[in-house]
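Peer 1: Provided below for reference: sequence and predicted model.
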There are 2 protein chains.
Amino acid sequence: MPYTYHYPRPALTVDCVVFGLEGEDLKVLLIQRDHEPFAGCWALPGGFVDEGEAPERAARRELGEETGLSDIFLEQLYAFGEPGRDPRGWTVSVAYYALVNRADHPAQAGDDARKLDWFPVRKPPPLAFDHDKILEAACRRLRGKVSYQPIGFELLPRKFTLSELQRLYETVLGKRLDKRNFRRRVLQTGVLEETAQTERDVAHRAARLYRFNKSKYQRLARRGFHFEI
Amino acid sequence: MPYTYHYPRPALTVDCVVFGLEGEDLKVLLIQRDHEPFAGCWALPGGFVDEGEAPERAARRELGEETGLSDIFLEQLYAFGEPGRDPRGWTVSVAYYALVNRADHPAQAGDDARKLDWFPVRKPPPLAFDHDKILEAACRRLRGKVSYQPIGFELLPRKFTLSELQRLYETVLGKRLDKRNFRRRVLQTGVLEETAQTERDVAHRAARLYRFNKSKYQRLARRGFHFEI
DNA sequence: TCAAAAGTGTTAACCATACACCCATGC
DNA sequence: GCATGGGTGTATGGTTAACACTTTTGA
């Protein structure tokens, strides 16, 4: 079933940079390719966009098929279309980045059973295509965005301690933060809600659990409130 | 000369949101379409990407062909690919936004003599395709970016007065700024260079002209300096 | 001499930073 | 009882915001 056009057209793909936390480490989810080109090589999850399908929808579909992830934070990163980026020919990829809390959203290989694993963003394995460039762009975006928009919460479980939140910021920003100042700041923003619960089974005083109040943030944001850590 | 593929592919276009200043007003450059669809309608300059051509390069080429503009600040904005955005069928557009100082870079219609004009960004005429959506996204991006990256200078002539710079920020941010505080702040950043010249032929005290020192900014930026107005 | 915008400093309020000790819990 | 991280307040220095008048120039 051939498709014929008057002018040449590119193939359109999506690629997803999925970030997750593992302890102190920021990790990225990769799958191992089982077809040429780059068979056996690690790559970002993604694939071809179908006709009549919005790119973001394609990204979510491919993520679901390849990693089982759904209903996660996902945002467009950049469109990559340099000639030569795909040895199969003219291919444009719209890249997305996603944030996922691994406790509530475990990733698992799709039906085609390709291998799937998490890798530290700072030392990933060799990647297929220009995926190293895409990963780097995603890291830059995440670092830039995390301090002025409250997207970091997407990496944590729904309920989390302030220390977990602080570790997250330290991980993403790559610097240590002062505990008391950090707590004061995030609580002042008013977007955190104290819960009645505390940690369980920890070998030290159990920390209080908090929850991010998204609708409150959105109300504040609409009035020009500017989140900043 | 038909082009045939095993799977359907989208047409790939680029669209450019070109911002320029006119007095106090922020304006956008539009061209009038002379073919269907949307013949006679105003639209963003842009067109089809050629095979083997990087999208940004295509954006610059189309801008040159349609408006005569070259060597201007241009950055990718977003890829638009919603089904139905182009009545001709599946078309994905990579949108760019550009900043231009109209004194040094006059825009003029291309050889095919399509009409071309500047319109206030806040009340543009009805636009072809989803160009109203693209324009709105570009305005949001500009507003967000102008206060933490020194891209505003691209809208001004090479030499400008501090009042012109202030008016620019007031226009883009949509709020009044304090003159003394504004001057102190921009001069403190150290990226402005005083010239020996002053304004000419003004019916009031002539203001000193300044120049943006790009290389100095880049040196500062590399050391983690953070521009902020 | 009038109109119009250029240019200039100080004070007060606020905010960010630095910093150290006691508390609760599990082993 | 000890090791581990949880939780808390203050003082200081720096930054930002508010504010009004004199100067220069052309008409």
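Peer 2: Cool, the structure landed. Residues are numbered from 1 along each chain as shown, chains lettered A, B, ... in the order given.

Peer 1: residues of chain A that sit close to DNA strand C?
Peer 2: Taking C-beta under 7 Å from any atom of the strand as the measure of proximity, chain A contacts DNA strand C at A:178, A:179, A:180, A:181, A:184, A:185, A:201, A:202, A:203, A:204, A:205, A:206. Glycine gets a C-beta too; all of them are placed from N, C-alpha and C.

Peer 1: quick check, central residue of chain A?
Peer 2: Residue closest to the average C-alpha location in chain A (C-alpha atoms, centre = their mean): residue A:98, at 2.6 Å.

Peer 1: what's the burial count for whichever residue of chain A sits closest to DNA strand C?
Peer 2: Taking C-beta to the nearest atom of the strand as the measure, chain A has residue A:205 as its residue closest to DNA strand C, at 3.2 Å. Counted by other C-beta atoms under 10 Å in any protein chain shown, the residues lying close to residue A:205 total 7.

Peer 1: state the distance from it to residue A:103.
Peer 2: As defined by C-beta to C-beta, to the nearest Å, residue A:205 lies at a distance of 22 Å from residue A:103.

Peer 1: contacting residues for the nearest residue to residue A:30 once chain neighbours are set aside?
Peer 2: In space, not counting the residues next to it along the chain, residue A:30 is nearest to residue A:42; the distance is 4.3 Å by C-beta to C-beta, 6 or more residues apart in numbering or on different chains. Residue A:42 sits next to A:30, A:31, A:32, A:33, A:117, A:119, A:124, A:125, A:126, A:127, A:128 when contact means C-beta atoms under 8 Å, 6 or more residues apart in numbering or on different chains.

Peer 1: so the first one is in which element?
Peer 2: By that I understand residue A:30. Element membership of residue A:30 [criterion: DSSP states H and E] is strand A:25-32.

Peer 1: the following helix or strand past that strand - what's its average pLDDT?
Peer 2: Read in the C-terminal direction, the helix or strand following strand A:25-32 is strand A:42-43, with elements assigned using DSSP H and E. The predicted model assigns strand A:42-43 a mean pLDDT of 98.

Peer 1: tell me how far strand A:42-43 lies from the chain's centre.
Peer 2: Taking C-alpha atoms, centre = their mean, to the nearest Å, one finds the center of strand A:42-43 at 16 Å from the center of the full chain.

Peer 1: and the biggest helix by length in chain A, C-alpha only, in PDB?
Peer 2: Of all the segments assigned as helix in chain A under DSSP state H, the longest by residue count is helix A:131-146. These are the backbone C-alpha positions of helix A:131-146, laid out as PDB (Å, rounded to 0.1, in the frame of the first residue of the first chain):
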ATOM      1  CA  HIS A 131      19.300  10.700  21.200                       C
ATOM      2  CA  ASP A 132      22.300  11.900  23.200                       C
ATOM      3  CA  LYS A 133      21.500  15.400  21.900                       C
ATOM      4  CA  ILE A 134      17.900  15.100  22.700                       C
ATOM      5  CA  LEU A 135      18.700  13.800  26.200                       C
ATOM      6  CA  GLU A 136      21.000  16.700  26.800                       C
ATOM      7  CA  ALA A 137      18.400  19.200  25.600                       C
ATOM      8  CA  ALA A 138      15.800  17.600  28.000                       C
ATOM      9  CA  CYS A 139      18.200  17.900  31.000                       C
ATOM     10  CA  ARG A 140      18.800  21.500  30.200                       C
ATOM     11  CA  ARG A 141      15.100  22.200  30.000                       C
ATOM     12  CA  LEU A 142      14.300  20.300  33.200                       C
ATOM     13  CA  ARG A 143      17.000  22.200  35.100                       C
ATOM     14  CA  GLY A 144      15.800  25.500  33.800                       C
ATOM     15  CA  LYS A 145      12.100  24.800  34.400                       C
ATOM     16  CA  VAL A 146      12.200  23.100  37.800                       C
END
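
Peer 1: and the next helix or strand past that helix?
Peer 2: Scanning forward in sequence from helix A:131-146 by DSSP H and E, the next helix or strand is strand A:159-160.

Peer 1: still on that earlier bit, would you list the buried entries among the contacts of residue A:42?
Peer 2: Buried members of the contacts of residue A:42, scored by 16 or more other C-beta atoms under 10 Å in any protein chain shown, are A:30, A:31, A:32, A:33, A:119, A:124, A:127, A:128.

Peer 1: quick one: the residues you listed as TSV, columns for pLDDT too.
Peer 2: TSV is the format used below for these (pLDDT from 0 to 100):
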residue	pLDDT
A:30	98
A:31	97
A:32	96
A:33	95
A:119	98
A:124	98
A:127	98
A:128	98
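
Peer 1: quick one: which of those is nearest DNA strand D?
Peer 2: Proximity of those to DNA strand D (C-beta to the nearest atom of the strand) peaks at residue A:119, which lies at 24.5 Å.

Peer 1: so which helix or strand takes in the closest one?
Peer 2: strand A:116-120.

Peer 1: go ahead and name everything in contact with that strand.
Peer 2: A:20, A:22, A:25-32, A:42, A:45, A:66-67, A:102, A:107-109, A:125.

Peer 1: repeat the analysis, applying 7 Å as the threshold.
Peer 2: With C-beta atoms under 7 Å, 6 or more residues apart in numbering or on different chains as the contact definition, strand A:116-120 has outside contacts at A:20, A:22, A:25, A:27, A:28, A:29, A:30, A:31, A:67, A:107, A:109, A:125.

Peer 1: distance between the strand holding residue A:30 and the chain's centre?
Peer 2: Strand A:25-32 has its average C-alpha position 10 Å from the chain's average C-alpha position, going by C-alpha atoms, centre = their mean.

Peer 1: sheet-wise, list the partners of it with their directions.
Peer 2: As defined by DSSP bridges, the strand partners of strand A:25-32 come to strand A:11-22 (antiparallel), strand A:42-43 (antiparallel), strand A:116-120 (antiparallel).

Peer 1: for those, which one sits closest to DNA strand D?
Peer 2: Of all the strands paired with strand A:25-32, strand A:11-22 sits nearest to DNA strand D, with 15.0 Å by C-beta to the nearest atom of the strand.

Peer 1: so where is chain A shaky, pLDDT-wise?
Peer 2: A:1, A:113 (pLDDT under 70).

Peer 1: contact residues of it facing DNA strand D?
Peer 2: Counting by C-beta under 7 Å from any atom of the strand, the residues of chain A lying close to DNA strand D are A:161-163, A:179-181, A:183-184, A:198, A:203-208.
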